[in-house]
Every structure is written in structure tokens, then in C-alpha cells.
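Any chance you could fold what I've pasted below:
(chains A and B)
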Amino acid sequence: MKVEFRNVSKVLIYSVIVFPIIWIFIFSLFTNWAFPSIFGFGEFNINIWERLLDSESLLLSGLLLSLIISLITAILSVSLGFATSEVIYKSRYKNTLLLSAYFPYVLSPVVLALLLQVYFVKAGLSGSLIGVIVALFMIVYPYSVLFFVGYWNENLINMKQLVRTLGGNKFSAWTKVVIPVSKPVISLCFFQCFIIAWFEFGLTNLLGVGKVKTLPVQIYMYIQEANPYYAAVASCLMIAPPLFLLFINRRWMSESIKFSPLR
Amino acid sequence: MKKKILISFFLVITVVPVLAGLIYAFLYSLGITGVISKGLTFSYWKEILYSSGFFLSLFYSLIIGAITIFISFFIAYFIYPFFINGSGKGQLIMFIPLSIPPMVWAFYHYLMFSGAGFISRLSYHLGLISNPGEFPVLVNDNFGTIVILTHVVMAFPFFTLYFIRIHNSEKIDRLTTLAKNFGASDSEVSWRVRLPIIFLKSRVLLILYLVFVAGSYEVPLLLGSQSPRMITVFTLEKMQRFDLYDKPVAYGAAFLYAIVVLIIVLFSLKRSFRTDEGRV
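Now for the predicted structure:
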């Protein structure tokens, strides 16, 4: 009885989790979903998907733009965050510094964007791709630092020192020991940093002033225009890369919670 | 030297922008700077504190956050034991909802729960309603029903994974066996052993997550009510109005919200650090 209840609960939870993805994908293949049709979904129409192949497609440019922004932000945040985290881990003021890392991270990104908007306008970064990347970096980099500080330990520091004792230089200590040993954790951090940048809407919309049309901005735009079919295609494009990264990182995923800054 | 550069860079990215933004917002709200600046005035602050609806929005956001955390906590608390053992595929599936952006979750729930949405159509075919107008207003309602639901489906998988980690690190299985050897029943173990440990170990996470939910933007923007509004929607709407005299109020609201959030986070994290160091 108990086992049955457990299995039924599991099936229910799996359905709640998987159903939205399947439903949105099927929804994106149709148009004219008139009331009261449930699964009829109106007319089968893959025009919107076909238009993705068009070089002038807004969805395609949105996908590429989102990928570029998220990848650059994640690469910069992971590399600089890893280097900074070692210094903070060893610092006497570790806890105070960590507290300050939470500042931009816990403030709602859209409120942070509002507070910084004037400086971005003065610096000429408002409405530009670089401006959005800089703003996202301000949230993702502290996250990366918090992530890696939870990873550093005395063993890793000792391994690094051993390289120096055996005649290696600082650079080879990083490239030959620290980075190869930390590969799974670096991949996890990259995954999480990519996802934070990939998901962001409010900050991008405010500092991009509608000119930087990433996928979340486009989904919002299509919903405002009462065009759910385009919004569904954009949603599928938004879900695909994180799921792909999740699939690649599946072996290490449970570890990611261990290092999550939300401790 | 390298250390100093990295620490300085870190502070420039984390502390300096937040401080600079807060100072500018505070000065703007006092009328000292900005396009409509006419010198020091407290009139905008009077509006923020007494008539703008700021506190209602803040309170509403925190209540939405608290309800979300409460529901997600108990869902995760009851389901995480199902996923502790096994191949790990069960745990992996919990990452799927975390890979779906809030904007997509909001859009999906909009399609599900709006007047002409999936649930409304299902109700029509079951004979519960005869037209979309009879379906109860769930999207954009005052209770924030779908806003809470959307946040719950994003939060409970994360909490589940987190509780599995606490369960393993705190060796709750051993404590359960010990309690049962002393004659505790299954429900006593659940309420008097498992629950207090999970709650105490996750309380900082719960507070931080509450702050995240209260500060969420896209979900209430699409699915939330117009009155009262969540604090981020309230602030942004004030900022984007045509009336320039609303801007100082928006800046003041952003400043006050940021201070409240920073105090909550500072207090809870300091406590957490002290606990980590064994001082509490």
C-alpha cells in the first residue's frame, strides 16, 4: 500500500514536471486554438518554426542574441569568479566579503537595473549589447564567487602548493592541477551562470530599453500582442539549451545543490 | 598584488554599483538631483510613506513570498523521501523545472488558467461552465493565486533536492532508527525528528527564497493583480509613467525596498555565518 502510494505520487510529480514542456511544444505546432477545443489545437501550422530558418527571423536573431549574451556572461563570470573565490576563501575578511557578494544577488535584478539605469545612460551603455552583458555580469559574477568559495578546501590549496614545491609556476598550478581537478564543478557553475543570464528578463528589458530583444523579451512582447503561438515557439527555444546543458551535466547535477550559494 | 586587484575588482562589481545606485535614488527622492529637481523636499517621501501604496505592495509581496515558501516547503518535505534512494534519475528529473525560465512558466500558466485557457475548456467539456466568462478569474486576481502556483512549481523541486542533501549530511536515517528504537512512531519521527532538523538547516535558504519571490518581476507582471501590485511591478510602473513627478517616488520606493531586503539578508546571513562557525 505504502509502495503503491509512493509510486502514484512519483508518477503525479513527474507528470506535473514534464507535461508543461510537452504541452508547450505541441501548442507551438498549431494556430487558431479556438474555444472550446482542448487537444484539437486548431490548425496544424509549422510556419513559425519554418520561419526560424529565415535569416531575417526575429526569433532566430533573439535566440542567437540570448546565446551570445548568456555565453559571454557565463564564461567571464566563471573564469573571474573562480580566481576571485580563492582569494576570498583565504581572506581574513571572508564572511564580510561574502556578505557583500549577496548584495547585487539578492536585490531583485529589475530593482538593481532601476538603481543603475542613470549610470548606464551616462556611460552610453543603455540600450546596447555590452550594457546588458555588463549588467548581467554584476549579478552572475557574485553568484559564481559564492559558488566557488563553497568549493575551495584545504586539500585543493595543498595540491596547488605541492605543484609550486615540485617546481611548477602559478600558471601551471592552475592549468595542470586546479582546473582539471575542478572540471565537474566548473561545468556546474557554468551551467548555473548560463541559466541565470539566460532567464533574465526585467534587467535586460529595462537596460536594453527594448532594443536588445532577447528571447524572454520577445515572449513578453508576443504575449502583449496576443500572439501565443509565436510566444510558444520562443518558449521552446528558451527551454531547449538549458535542457541540453542539463543532459550533458547530468552526472554531476546533484553536486550543484551542495555548492549552491542558497545555503 | 594579485590579491588586492581581485578583491578591488570584486568590490567594484558588488558593493560600488549598489551603493552608487542607492545614493542616487535617495538623492533623487529628496529632490536634490534629477530633471525636476528644485532643491531639498520631503514631499515625495510623504507620498511614499503615506499615500503611494508602497507599504501595501511591500506587505503583499512578502505575503505572496511567505505563502509560496510555506506550500513549497511542505510539498518538498513530504516528497523528498521518495527520491532519496534509487538510481538518481528521480533527482535528475527535479532539475527539469529549474531549467524552465520563469517567463515560460508564467506563459504556460497563463495558457492553462486564463478564461479561455486549458482548465476553462476542460471545465466546459465536463459541463461545469457554459462559456469562458463563467470560469473564475484566477489570472490577475487579487489573491495572486497563479503567481503563487507559478512560484511553487519553481521552488518545490529546488527544496526537494536541498532537503535530500540535508537528509544525507545530517544522517537523518540514523536518527530515525535511533528514535524508533526508543519507541517513536513514524509520525513522531516525522514531526519531532525530521521536520525540526530540515527546518533549522534550511531556514536561511527559506528567508532568501522568500526575498527572491517577493522581488520577482516577470511572473507578477504577467499573472499578478493590478491592485495591490507586487513591489517590483509597483516601482517599475511608477518609473515608467509619463508624469515626471512619479519618478522620485519610484526611486524612493526602490531605495526603501532595497534597504528592507538588505537588512533582512544581512540579519539572516550573519546568523548563518555565526552558526557555521559554531558560535550559536
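
Show me where chain A has its helices.
A:2-28, A:47-51, A:58-90, A:94-106, A:109-122, A:129-149, A:154-165, A:170-172, A:179-181, A:183-199, A:202-207, A:215-224, A:228-248, A:253-259 (DSSP state H).

Poorly predicted segments of chain A, please.
For chain A, the stretches with pLDDT under 70 are A:1-2, A:39-44, A:55, A:251-263.

on that earlier part again, just name the most buried of the helices of chain A.
helix A:202-207 (a mean of 26; mean count of other Cβ atoms under 10 Å in any protein chain shown). For the C-beta atoms, the positions are set from N, CA and C on the backbone; glycine is no exception.

quick one on the thing from earlier: closest one to B:Ser72 among the helices of chain A?
helix A:2-28 (12.9 Å; Cβ to Cβ).

got the angle between that closest one and helix A:228-248?
Helix A:2-28 runs at 130 degrees relative to helix A:228-248, counting by axes from the mean of the first three to the mean of the last three Cα atoms, to 10 degrees.

packing partners for helix A:2-28?
Here helix A:2-28 touches helix A:228-248, helix B:89-93, helix B:95-98, helix B:102-113, going by 3 or more Cβ pairs under 8 Å, 6 or more residues apart in numbering or on different chains; DSSP states H and E.

Pipe the helices of chain A into a markdown table and attach distance to B:Ser268 per row.
Conversion of the helices of chain A to a markdown table gives the following (distance: least, Cβ to Cβ, whole Å):
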| stretch | distance to B:Ser268 |
| --- | --- |
| helix A:2-28 | 29 |
| helix A:47-51 | 45 |
| helix A:58-90 | 20 |
| helix A:94-106 | 10 |
| helix A:109-122 | 19 |
| helix A:129-149 | 15 |
| helix A:154-165 | 28 |
| helix A:170-172 | 37 |
| helix A:179-181 | 33 |
| helix A:183-199 | 21 |
| helix A:202-207 | 24 |
| helix A:215-224 | 29 |
| helix A:228-248 | 29 |
| helix A:253-259 | 19 |
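
just to revisit the earlier point, for A:Phe120, which of the helices and strands packed on helix A:2-28 is the nearest?
A:Phe120 lies closest to helix B:102-113 among these, at 22.3 Å (Cβ to Cβ).

For that closest one, give the mean pLDDT please.
Averaged across helix B:102-113, the pLDDT comes to 92.

Quick check: next helix or strand after it?
For helix B:102-113, the following helix or strand on the C-terminal side (DSSP states H and E) is helix B:118-125.

contacting residues around that following helix?
Residues outside helix B:118-125 that contact it (Cβ atoms under 8 Å, 6 or more residues apart in numbering or on different chains): A:23, A:35-38, B:111-114, B:129-132, B:135.

Next: stretch A:49-60.
Counting by Cβ under 8 Å, 6+ apart, stretch A:49-60 makes contact with A:Ser28, A:Leu29, A:Ile48, A:Leu63, A:Lys213, A:Leu215, A:Gln218, A:Tyr230, A:Val233, A:Ala234, A:Leu237, all of which sit outside it.

what about it, how long is it end to end?
Stretch A:49-60 has an end-to-end distance of 10 Å (criterion: Cα to Cα, to the nearest Å).

picking that back up, could you export the helices and strands packed on helix A:2-28 as JSON lines, including distance to A:Ile17?
Putting the helices and strands packed on helix A:2-28 into JSON lines (distance: least, Cβ to Cβ, whole Å) gives the following:
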{"stretch": "helix A:228-248", "distance to A:Ile17": "12"}
{"stretch": "helix B:89-93", "distance to A:Ile17": "6"}
{"stretch": "helix B:95-98", "distance to A:Ile17": "5"}
{"stretch": "helix B:102-113", "distance to A:Ile17": "12"}
